[in-house]
Structure formats: C-alpha cells, structure tokens
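Engineer: quick one, structure for this:
(5 chains)
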Amino acid sequence: MLNSILLDGLALAGAGIGAGVAALAAGLGIGRIGSSAVESIARQPSESGKIQTAMLIAAALIEGVALFGVVVCLLIALA
Amino acid sequence: MLNSILLDGLALAGAGIGAGVAALAAGLGIGRIGSSAVESIARQPSESGKIQTAMLIAAALIEGVALFGVVVCLLIALA
Amino acid sequence: MLNSILLDGLALAGAGIGAGVAALAAGLGIGRIGSSAVESIARQPSESGKIQTAMLIAAALIEGVALFGVVVCLLIALA
Amino acid sequence: MLNSILLDGLALAGAGIGAGVAALAAGLGIGRIGSSAVESIARQPSESGKIQTAMLIAAALIEGVALFGVVVCLLIALA
Amino acid sequence: MLNSILLDGLALAGAGIGAGVAALAAGLGIGRIGSSAVESIARQPSESGKIQTAMLIAAALIEGVALFGVVVCLLIALA
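Structural biologist: Numbering: from 1, shown residues only, chains lettered A, B, ... in the order given. The predicted model follows:
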C-alpha cells in the first residue's frame, strides 16, 4: 500500500513533464512553420493560398503527434 | 500514509514543471510567429489581412496543444 | 510526519520552478514580438495601428497560457 | 507486491517522458521541413506541386517513427 | 522477487525514453534533409527527380536506424 502511492507519484510526475514536452513539440514546430508562412505570404501575396495549404498540412502532422502524446500522458495520469 | 504524501509531492512537482514547459511551448512558438507577422505587415501593409489570418491559424494550433498540456497538469495537481 | 513535510517540499520546489519557466515563456515570447513590433513601427510608422493590433493578438495568446501555468503552480503551492 | 507497484510507477514515468520526446521529434523535424517548404513555394510558386510532394515524403517518414514511438510508450503505459 | 520487479520498472522507463530519443533522431535528421531538399528543388526544379532520389536514400538510412531503435525499445518493453 505504501509504495503503491509512491509509484503513482512517479507516474504522475512523468505524465506532467511528458505533457509539457509534447506541447513544446507543437510550439517549436508549428511556430517555425507559421513564422516562415507569414514571411512568405508577405513576399508572394499572390501565392498565399498555396502557402497556407502547405502550412496547414505540415502543421496538422505535428499537431496530430503532439495531441496524441498529450493524450497518452493524460491516460497515464488518469490510470 | 507517510509515503502516500511523498508521492503526492512527486506528482505535484511534475505537474508544476510540466505546466511551465507547456507554457514555454506557447511562448516560443507564438512568439516566433507573432514576431514574423508584425515584420511582414510592416513590409507588406496591404496584405495585413492574409498575414493575420495565417498567424491566427498557426497560433491557434499551438495554443490548443499548450492549453491542453496545462490542463493535464492541472488535473494531475488536483487528483 | 517527517515525510509529509518532505513531500510538501517537493511540491513547493516543483511549483516554484514551474512558475519560473511559465514566466520565462511570456518573457521570451512577448519579448520577441514586442521587439519586432517596435522595429517595424520605426520602419513603417504609417502602419503602426495594424502592427499594434497583430502584436496585441499574439501577445495575448502567450499571456493567457503563461498566466494559466503560473496559476496552476500557485494552486500547487497553496494546496 | 509492494515493489511491483513501485515499478509500475517508474514505467509510467518513462512512458510519459518518452511520448513527449517522440512528439518533440515530429515538431522539430516536420517544423523544419514545413518551414523550408513554404519559403520555397514563395520563391518558386510554379513548382509548388513538386515541393509539396517532397515535403510530404520526408514528413511522412518522420511522422511514422514518431507515431511508432508514441505507440510504444502507450503500450508501456497500458501494460 | 522484489528486486526483479523493480528492475522491470527501470527497464520499462528506459524503453520509453529510448523510443522517444530514437524518434528524435529521425526528426532531427530527416527534417534537415527534407528542408534542404525542398529548397534545392525550388532552386533547380528541373533536377527534382535526382534531388528526391538522394533525399530518399539518406532519409531511408536514418529511418532504418531509428525504426530499429524503436523496435529494440519495444522488445525491452514486451520482454
């Protein structure tokens, strides 16, 4: 019983840190894409449609893995 | 009983650090996008609408994952 | 009793570090946006209104997540 | 029995952190590719099809490993 | 008996973190290759076939090692 709760603590600590790191993934990745996208639109406004499409495809791929990672950490936290 | 509280401590420490790292995700990511957006608006003021739209889409994707990560850490802290 | 206090210590340490990292998020992110904004206004003073609007939107998104992260750490510290 | 649960805790902590790092992989990698892709489309809009194809191939390779890594961490968490 | 289970926990923690780091390898490596590839296609669209072939060879080498690393971590987790 004693250790049982100790381990819950370890698991929750890992889940919290993991959720933070997964969010960091989206921040670093989508931040970079979005930054380049707005600069590219400023340089080639006539191509803003193509640029936004490419931005959304790449950002969605990152968003998917990052959300999945946060959900895994949520499952660990609720288990 | 003793260890029970020890583990709560570990869980709370992880939740606090995780919440901080998730916030860092938004800071680094949206910061980069916003910085590029204002510079792009200055260079192409006539395209400020398109630029702001792209900025908001990318920033919203980051905001969503980061807020989700902080909420997971809040759940861990309150559990 | 002893361990109880040890765990309070762990929780408080995590809350302190987390609050610091969350504040770092706002510092790095809004700092970058504000820096680019003032430079852009200096280059294009006639567009200062649009630039300030974009700056405020991006900064508010970061401020929201960072404040939320600090509040979570405050809850951990007071729990 | 006691230690069994301690070990569960260690395993869950590792799974949470691992899921976060795997997501970080997608963020850093696809973020870089997407950033270069939107800039390249702005420079050569007529080649946006070829550029997007190459972007998707490289991004899919990263996405595959990152998702696999998160799934392995999910398996550890559920085991 | 007790220690045996403790070691299982350590093994699982290592497997999870290892899977994440292996995925990070693919993210950093293929991300860099893909980024340069799309920029090169934009500069020399007529050579996009050769560029994509070279990108695939290099990316496949990274993918192979990263997948192998994740599989080793999966084997550790299932053992």
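
Engineer: for chain A, what helix or strand is lowest in average pLDDT?
Structural biologist: In chain A, the helix or strand scored least confidently by mean pLDDT, DSSP states H and E is helix A:2-43, which has a mean of 88.

Engineer: any idea how far that helix is from the chain center?
Structural biologist: Taking the mean C-alpha point of helix A:2-43 and that of its whole chain, the gap between them comes to 5 Å (Cα atoms, centre = their mean, to the nearest Å).

Engineer: which SSE is immediately downstream of it?
Structural biologist: helix A:48-78 (DSSP states H and E).

Engineer: helices or strands next to that next one in the packing?
Structural biologist: Counting contacts by 3 or more Cβ pairs under 8 Å, 6 or more residues apart in numbering or on different chains; DSSP states H and E, helix A:48-78 packs against helix A:2-43, helix B:48-78, helix D:2-43, helix D:48-78. (C-beta placed from N, C-alpha, C; glycine too.)

Engineer: would TSV of those helices with mean neighbour count and distance to C:A19 be doable?
Structural biologist: Formatted as TSV, the helices and strands packed on helix A:48-78 follow (neighbours: other Cβ atoms under 10 Å in any protein chain shown; distance: least, Cβ to Cβ, whole Å):
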stretch	mean neighbour count	distance to C:A19
helix A:2-43	30	13
helix B:48-78	24	12
helix D:2-43	29	20
helix D:48-78	24	28
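
Engineer: which residues touch A:M55?
Structural biologist: When contacts are counted by Cβ atoms under 8 Å, 6 or more residues apart in numbering or on different chains, A:M55 touches A:I33, A:G34, A:A37, B:A54, B:I57, B:A58, D:G34, D:V38.

Engineer: let me fix that: A:L61
Structural biologist: The neighbourhood of A:L61, defined by Cβ under 8 Å, 6+ apart, consists of D:A26, D:I30, D:A59, D:A60, D:E63.

Engineer: farthest pair within those residues?
Structural biologist: Greatest spatial distance among the contacts of A:L61 (Cβ to Cβ): D:A26 and D:A60, at 10.9 Å.

Engineer: report the inter-axis angle for the least confident helix or strand of chain A versus helix B:2-43.
Structural biologist: Orientation check (axes from the mean of the first three to the mean of the last three Cα atoms, to 10 degrees): helix A:2-43 against helix B:2-43 gives 0 degrees.

Engineer: quick one: is helix A:2-43 near chain D?
Structural biologist: Yes. For a cut-off given as Cβ under 8 Å from any Cβ of the partner chain, helix A:2-43 has contacts with chain D, namely A:2-4, A:6-11, A:13-22, A:24-33, A:35-37, A:39-41, A:43.

Engineer: if I take that helix and helix C:48-78, what angle do their directions form?
Structural biologist: With the same axes, to 10 degrees defining the directions, helix A:2-43 sits at 180 degrees from helix C:48-78.

Engineer: for helix A:2-43, packing partners?
Structural biologist: Contacting helix A:2-43 under the criterion 3+ Cβ pairs under 8 Å, 6+ apart are the following elements: helix A:48-78, helix B:2-43, helix B:48-78, helix D:2-43.

Engineer: reformat those as JSON lines; add distance to E:F68.
Structural biologist: Formatted as JSON lines, the helices and strands packed on helix A:2-43 follow (distance: least, Cβ to Cβ, whole Å):
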{"stretch": "helix A:48-78", "distance to E:F68": "20"}
{"stretch": "helix B:2-43", "distance to E:F68": "29"}
{"stretch": "helix B:48-78", "distance to E:F68": "29"}
{"stretch": "helix D:2-43", "distance to E:F68": "15"}
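
Engineer: out of those helices, which gets nearest to D:F68?
Structural biologist: Distances from D:F68 to each of the helices and strands packed on helix A:2-43 were compared using Cβ to Cβ; the shortest belongs to helix D:2-43, at 8.2 Å.

Engineer: with distance to C:K50 as extra columns, can I get the contacts of A:L61 in a markdown table?
Structural biologist: Rendered in a markdown table, the data for the contacts of A:L61 read as follows (distance: Cβ to Cβ, whole Å):
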| residue | distance to C:K50 |
| --- | --- |
| D:A26 | 34 |
| D:I30 | 31 |
| D:A59 | 33 |
| D:A60 | 38 |
| D:E63 | 36 |
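
Engineer: tell me the one among those residues nearest to chain A.
Structural biologist: In terms of Cβ to the nearest Cβ, no member of the contacts of A:L61 lies closer to chain A than D:A26, at 4.0 Å.

Engineer: kindly provide the distance from the closest one to D:G20.
Structural biologist: When Cβ to Cβ, to the nearest Å is the yardstick, D:A26 and D:G20 sit 11 Å from each other.

Engineer: quick check: neighbours shared by the two?
Structural biologist: Where contact means Cβ under 8 Å, 6+ apart, the residues bridging D:A26 and D:G20 through contact with each are A:A25.

Engineer: which one of the helices and strands packed on helix A:48-78 lies nearest to E:E47?
Structural biologist: helix D:48-78 (10.3 Å).
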